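**Q** any chance you can model this:
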Amino acid sequence: METYNRVRQLANEHRLSIAEVERRAKLAPQTIGNWRRVNPSGEALGKVATVFNTTVDYLLGRTDNRMAITSDRPVDISDRTIELSFKNHTLTDRQRSDLSVYIKTMLETNYW
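**A** Predicted structure coming up:
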């Protein structure tokens, strides 16, 4: 049920009907509606996550971080709306700042 609610919320925020989300994800009609009663397939979840540029983990309620980070899009680590983690530990603001300084130093000294 949580998955359905999250998809419904995202659809509302994007001003899309569930039917339109299904169409964009190339899913059969009523697929998402059925998620109120049955668990969705991994394939269907992946397609819906792609429509909203989010993660399957977000749709499943495993994280509240909506943003999907892909290798083709640069990420600004100073952007506090992006949750950074390392080995399942979310970085604090201080750790994020220290990481930024470390990376800046590495770039300035042509370490790479």
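**Q** from here on, just use CA atoms for contacts and neighbour counts.
**A** OK.
**Q** now tell me what touches the helix or strand containing residue 48 from outside.
**A** Residue 48 is part of helix 42-52 when elements are defined by DSSP states H and E. For helix 42-52, contacts defined as CA atoms under 8 Å, 6 or more residues apart in numbering pick out 7, 10, 21, 22, 24, 25, 26, 27, 55, 56, 59.
**Q** just stretch 17-29 next, same as before
**A** Taking CA under 8 Å, 6+ apart as the rule, stretch 17-29 contacts 8, 11, 30, 31, 32, 33, 44, 47, 48, 50, 51.
**Q** list the strands paired with the helix or strand of the chain with the lowest mean pLDDT, with their directions.
**A** Of all helical and strand segments in the chain, the minimum by mean pLDDT, DSSP states H and E falls on strand 85-86, at a mean of 71. Under the criterion DSSP bridges, strand 85-86 sits next to strand 89-90 (antiparallel) in its sheet.
**Q** the next helix or strand after the partner strand: how far from the chain's middle?
**A** Next along the chain after strand 89-90, taking DSSP H and E as the criterion, comes helix 93-108. Offset of helix 93-108 from its chain centre (CA atoms, centre = their mean, to the nearest Å): 24 Å.
**Q** and helix 93-108, C-alpha only, in PDB?
**A** C-alpha atoms of helix 93-108 as PDB (Å, rounded to 0.1, in the frame of the first residue of the first chain):
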ATOM      1  CA  ASP A  93      26.900  18.600   7.500                       C
ATOM      2  CA  ARG A  94      30.400  18.600   9.000                       C
ATOM      3  CA  GLN A  95      31.400  15.400   7.100                       C
ATOM      4  CA  ARG A  96      29.900  16.800   3.900                       C
ATOM      5  CA  SER A  97      32.000  20.000   4.400                       C
ATOM      6  CA  ASP A  98      35.100  18.100   5.200                       C
ATOM      7  CA  LEU A  99      34.600  16.000   2.000                       C
ATOM      8  CA  SER A 100      34.200  19.100  -0.100                       C
ATOM      9  CA  VAL A 101      37.500  20.500   1.300                       C
ATOM     10  CA  TYR A 102      39.200  17.200   0.600                       C
ATOM     11  CA  ILE A 103      37.900  17.000  -3.000                       C
ATOM     12  CA  LYS A 104      38.800  20.600  -3.600                       C
ATOM     13  CA  THR A 105      42.400  20.000  -2.400                       C
ATOM     14  CA  MET A 106      42.700  16.900  -4.500                       C
ATOM     15  CA  LEU A 107      41.600  18.800  -7.600                       C
ATOM     16  CA  GLU A 108      43.800  21.800  -6.900                       C
END
